[in-house]
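1. What follows is a predicted protein model with its sequence.
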Protein chains: 2
Amino acid sequence: METTGLVSFGRYTCSHLYFLLLIVLPLGQHTVEGVWPLPQIFTSSIERYPLNPQAFYFGYGRQSAAQFGCSVLDAAFIRYYSLIFPDYTGNYPHEDSSEKCKYQHIYLRHSTTGKSHIGKKQSVGFDVLSPSLLFPDNLSVSAGKASLNAETVWGAVRGLETFSQLVYDLLNTHSHHIIKGILLDTSRHFIPVHAILKTLDAMAYSKFNVFHWHIVDDPSFPYQSQTFPDLSRKGAFHPMTHIYTQSDVRRVISHARLRGIRVLPEFDSPGHTKSWGKGQSDLLTPCYSGSTPSGAFGPVNPALPSTYQFMATLLKEVSSVFPDSYIHLGGDEVNFSCWKSNPDVRAFMQKMGFGVDFTKLEAFYMENIVNITTFLNKTAIVWQDVFDYHELIPKDTVLHIWKGSPANYRKELSRMTKAGMRVLLAAPWYINHISYGQDWRNYYTVQPLNFSGTAEQKKLVIGGEVCMWGEYVDATNLTPRLWPRASAAAERLWSDEKQTSSVDKAFPRLQDFRCKLVRRGIRAEPLYVGHCKHEYQGV
Amino acid sequence: METTGLVSFGRYTCSHLYFLLLIVLPLGQHTVEGVWPLPQIFTSSIERYPLNPQAFYFGYGRQSAAQFGCSVLDAAFIRYYSLIFPDYTGNYPHEDSSEKCKYQHIYLRHSTTGKSHIGKKQSVGFDVLSPSLLFPDNLSVSAGKASLNAETVWGAVRGLETFSQLVYDLLNTHSHHIIKGILLDTSRHFIPVHAILKTLDAMAYSKFNVFHWHIVDDPSFPYQSQTFPDLSRKGAFHPMTHIYTQSDVRRVISHARLRGIRVLPEFDSPGHTKSWGKGQSDLLTPCYSGSTPSGAFGPVNPALPSTYQFMATLLKEVSSVFPDSYIHLGGDEVNFSCWKSNPDVRAFMQKMGFGVDFTKLEAFYMENIVNITTFLNKTAIVWQDVFDYHELIPKDTVLHIWKGSPANYRKELSRMTKAGMRVLLAAPWYINHISYGQDWRNYYTVQPLNFSGTAEQKKLVIGGEVCMWGEYVDATNLTPRLWPRASAAAERLWSDEKQTSSVDKAFPRLQDFRCKLVRRGIRAEPLYVGHCKHEYQGV
């Protein structure tokens, strides 16, 4: 029984020197089998160790701070056991039944709780996104045993993924990028929960760590709010079948958390809110045709106090439902024509001394919304448009760059980091834009730090995000459009840029990784002519 | 219990006037619910009839030539019953148990056998592709009963599809186009049989009638030959897991046949044959570098008598395995450089008096191969390249146009039909070429007969084909790339061009049809922002 050409299993008696994992890298010979995304440092050996599913299991090291009962790792052990032995039909062996056969030892330096935060110093819990904490310091495989040292459970989860990809190398990873995210848009099409969970599985396989949930937008409002149930009752595509209940959201967050993935919710306003208006009267601006309302509605009405009361209540709920310390507030693509047409809005402009500069009105609105999140002890992420309007937003707000060509976004990276703002780069990874051929190469060759700026400025680039906007995507085609194209971006965000500068060298490795995804039941599409040993078996 | 907004079910007692099918087209009001592809003639009513799954079944009319025991229709009845009542968990009612409840009567004018042929006059059997025989002459639904008149079982199968799409119209279809095909390439990637069967299901839903199986090519030879087992043993991606056995092929042909779909096999030569050479020595031309063989191989070697013996034996097998009266022989993209480099080939050229004109050598080869199929009582289809070389091929050979822009293929349509040749148009429907947005509009707006030529010339356009080449496609992404984009071409090939000239009018109908496909378990991708009542539930 073989899982890949690299692994051979057999029956061995339990012994102290029982071998754990193959290491196969013929000296001086390139092999395409490996780990995706590439670890930053690795050494390899020509040795090969057989692996026996009946004796193999994961255990905690005696000195590990984490021990049996750590739910994240206990669950991850079972999950990765199945991924490593997909053909084995027996049960996961119990630790008790084979005391002498601990082959994978996990050592955690600190006992940690499961709460996750982005890059904020906190006295309790830990920072899941700090590179020094996130990644396993050491996964070593050698004759007789394998051990994984990690500072946190999340680092251990990443190490288990690496291990499961049949590591033939020692690794020690420190990523440059804190956020390695994927945005899913569940408003333009409703994505059923099972498809979101499947996406989270695949994200973990590529070591993505942030699920940016663009949950609502113009076309539909599928989030079922506790405080404002009419929002989804009237704003979703269907009030019963096309919504995310509180239980659905908890399930997504829990599934993500077990895989070391944070859930970053986005409630985009004041634009992109058409669906909100269906269930919340007086929220959107009535547009005027001359002196009479046209019947159409524009962005959120920034001239009414009730707007801010509503937003504060909604964001308070969102803050408690989504445990992440960050909230995405949107702020992109606000069309001013409706605001301009509305006499009440114009009167408010006069009163506030904004003249006819509607960017000031937009700034006023966003400042208020960002301040609400600050009050809720959350940090805001906003689309880059907000910076363009020069709002007075807190310095810890993260700017999300989505516009333009490389020349264009490099200029923005330079400008925004120069102003001391942290930025998150999405522009080069609008993966919903498909084209014929190997467009993954474009995602792979992005250089996020290749912009004019100081070392300090470069540090303000906290990561990147792959965006799958939903105009043409739902559960029917989401997976093959995402994978393995998003995996190309994953390596750019996880691995050392110098070691991964050749897209041609990456090609056979990514082909191999794509077959691993297929073997794990992810409908990842092919990169070019060829085959996988195990083709996709679903229908 | 409702399947769509148009259908309501309930419990009714059996009575002679039991209603069969709803007809709902509010007068003067446009409805997007309907039939795809559009029937050529229809009238509608405002009436609506309830449909009861416990009483409804399909039966044969008393005067019908076909009766119980006609395997194609017996199977189709059960299949379409499930498609019409997807939520009904009971069994298909037996005719005997509800004698008074025959609601769908099928009348066949002639008793027919199941053998299928394209456009060839035969004294036995029937011509499945002749428009006058293929389509139901009449599907009428009115208070109390529905009846379907068809000349052949295949016409009845098409009528059942129309019926299952909740017909609200009378229809009488005579398509301009005889061949409405889809090409699948199973060489660049192996497509497992289950994915081919699923594609056949979806083809039937869009009324495609030819599955062009581009079964082998350069990258792999998955067809397991009885006479030359080494071809797949050495030429497939894997000799056991990546092949089509004789039993697989029979299963595909049988599944297709029950759905009124012919299977047209393609064994493309003399180019596109790299994989053939692995299991058949001396078949391919050894390329030379100067005066010594380079180790590389080129197209099939046309200078050796053994080549023609091999091809005759292989094509004899293919002719008996694939019952269709047509065989596709390829003949495209032959690169002459290897032939030119080979001294034996050059000597053969001299001997035959071809000088240095290698198109004459290519012509010589193709003439021989086409003559083999003629001897086997089959008609050949070849890619357009063969015509360009002015081979002396039989006049009944069909030319398959695959090259170029509309200006280009229109010129070819004109030129080839002027020469009296029948043509099949594929050029505008290379559906493997994806792009961002609604590219289905391009497939919809093709005008296959818009070329310079007489009415007689236009009649020589025997149909069109959607081609899904396999560079970037396998079982992971085949379905969402094919559907509903191929359905756009289906309407062009099935429906009256004048009635389907507006792509904007087609859009909501195609959206609706796409949701029907999803409801039937076909992973058809969305056309734009929106939703289906029943989203895709697979993973």
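-> Arrived safely, thanks for sending. Numbering: from 1, shown residues only, chains lettered A, B, ... in the order given.

2. Can you tell me what sits against stretch A:407-420?
-> A:384, A:387, A:395, A:399, A:401, A:403-404, A:423, A:425, A:427-428, A:448, A:450-453, A:457-458, A:460-461 (CB atoms under 8 Å, 6 or more residues apart in numbering or on different chains). No exception for glycine: its C-beta is placed from N, CA and C like everyone else's.

3. Looking at those, which are in strands?
-> The strands, defined by DSSP state E, take in A:399, A:401, A:423, A:425, A:461 from these.

4. Any idea how many residues pack against the residue of the stretch 51-200 of chain A found nearest chain B?
-> Relative to chain B, the nearest point of the stretch 51-200 of chain A is residue A:188 (4.5 Å; CB to the nearest CB). Residue A:188: 23 surrounding residues under other CB atoms under 10 Å in any protein chain shown.

5. try residue A:440
-> 22.

6. Quick check, it in contact with residue A:492.
-> No - using CB atoms under 8 Å, residue A:440 makes no contact with residue A:492, being 10.7 Å away.

7. any idea how far the residue of chain A most remote from its centre lies from residue B:433?
-> Taking CA atoms, centre = their mean, the residue of chain A most remote from its mean C-alpha position is residue A:291, at 46.9 Å. Taking CB to CB, to the nearest Å as the measure, residue A:291 falls 52 Å from residue B:433.

8. same check, this time on residue A:189
-> Distance from residue A:189 to residue B:433, by CB to CB: 24 Å.

9. Residue A:345 too?
-> 47 Å.

10. From the neighbour counts alone, determine which of those two ranks first.
-> The neighbour comparison of residue A:345 against residue B:433 (other CB under 10 Å) goes to residue A:345, with 23 against 14.

11. who's in contact with the more buried one?
-> Applying CB under 8 Å, 6+ apart, the residues contacting residue A:345 are A:285, A:301, A:302, A:303, A:339, A:361.

12. Check residue A:311 too.
-> A:269, A:300, A:368, A:369, A:372.

13. Most neighbours among these, which one?
-> residue A:369 (28 neighbours).

14. helix or strand for that residue, which one?
-> Using DSSP states H and E, the element containing residue A:369 is helix A:358-375.

15. What average pLDDT does that helix get?
-> Helix A:358-375 carries an average pLDDT of 95.

16. What is that helix packed up against?
-> helix A:305-321, strand A:326-330, helix A:337-341, helix A:343-352, strand A:379-383 (3 or more CB pairs under 8 Å, 6 or more residues apart in numbering or on different chains; DSSP states H and E).

17. at 10 Å instead, please
-> strand A:262-269, strand A:292-300, helix A:305-321, strand A:326-330, helix A:337-341, helix A:343-352, strand A:379-383, helix A:385-388 (3 or more CB pairs under 10 Å, 6 or more residues apart in numbering or on different chains; DSSP states H and E).

18. related to what we said a few turns ago, among the ones in strands among the contacts of stretch A:407-420, the buried ones, what's the ChimeraX command?
-> A single ChimeraX command selects the buried members of the ones in strands among the contacts of stretch A:407-420 (16 or more other CB atoms under 10 Å in any protein chain shown):
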select /A:399,401,423,425,461
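
19. Dump the ones in strands among the contacts of stretch A:407-420 to TSV, plus distance to chain B.
-> Putting the ones in strands among the contacts of stretch A:407-420 into TSV (distance: CB to the nearest CB, whole Å) gives the following:
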residue	distance to chain B
A:399	26
A:401	21
A:423	26
A:425	21
A:461	27
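
20. Tabulate the ones in strands among the contacts of stretch A:407-420 (a markdown table), appending pLDDT.
-> Output for these, formatted as a markdown table (pLDDT from 0 to 100):
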| residue | pLDDT |
| --- | --- |
| A:399 | 96 |
| A:401 | 97 |
| A:423 | 96 |
| A:425 | 97 |
| A:461 | 95 |
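
21. For the ones in strands among the contacts of stretch A:407-420, please prepare a markdown table with the additional fields distance to residue A:530.
-> Shown next, in a markdown table, are the ones in strands among the contacts of stretch A:407-420 (distance: CB to CB, whole Å):
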| residue | distance to residue A:530 |
| --- | --- |
| A:399 | 41 |
| A:401 | 35 |
| A:423 | 38 |
| A:425 | 32 |
| A:461 | 35 |
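
22. could I get the helix or strand in which residue A:491 is found in PDB with only the CA atoms?
-> Assigning secondary structure by DSSP H and E places residue A:491 in helix A:485-494. Presented in PDB, the C-alpha positions along helix A:485-494 are these (Å, rounded to 0.1, in the frame of the first residue of the first chain):
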ATOM      1  CA  ARG A 485      -4.600  29.400  -8.400                       C
ATOM      2  CA  ALA A 486      -4.900  30.700  -4.900                       C
ATOM      3  CA  SER A 487      -2.100  28.400  -3.800                       C
ATOM      4  CA  ALA A 488       0.300  30.300  -6.000                       C
ATOM      5  CA  ALA A 489      -0.400  33.400  -3.900                       C
ATOM      6  CA  ALA A 490      -0.100  31.300  -0.800                       C
ATOM      7  CA  GLU A 491       3.500  30.500  -1.500                       C
ATOM      8  CA  ARG A 492       4.200  34.200  -2.300                       C
ATOM      9  CA  LEU A 493       2.800  35.100   1.100                       C
ATOM     10  CA  TRP A 494       4.300  32.300   3.100                       C
END
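
23. Check which helices and strands it is in contact with.
-> Checking 3+ CB pairs under 10 Å, 6+ apart, helix A:485-494 ends up next to strand A:179-185, helix A:193-205, helix A:440-444, strand A:461-468, helix A:503-519.

24. okay, those, which one's buried deepest?
-> strand A:179-185 (a mean of 25; mean count of other CB atoms under 10 Å in any protein chain shown).

25. re earlier: contacting residues around the spatially closest residue to the residue of the stretch 51-200 of chain A closest to chain B that is not a sequence neighbour?
-> Distances taken as CB to CB, 6 or more residues apart in numbering or on different chains place residue A:470 nearest to residue A:188, at 3.3 Å, with adjacent residues excluded. Each residue near residue A:470 by CB atoms under 10 Å, 6 or more residues apart in numbering or on different chains is listed here: A:183-191, A:214, A:217, A:219-220, A:432, A:478, B:526, B:529.
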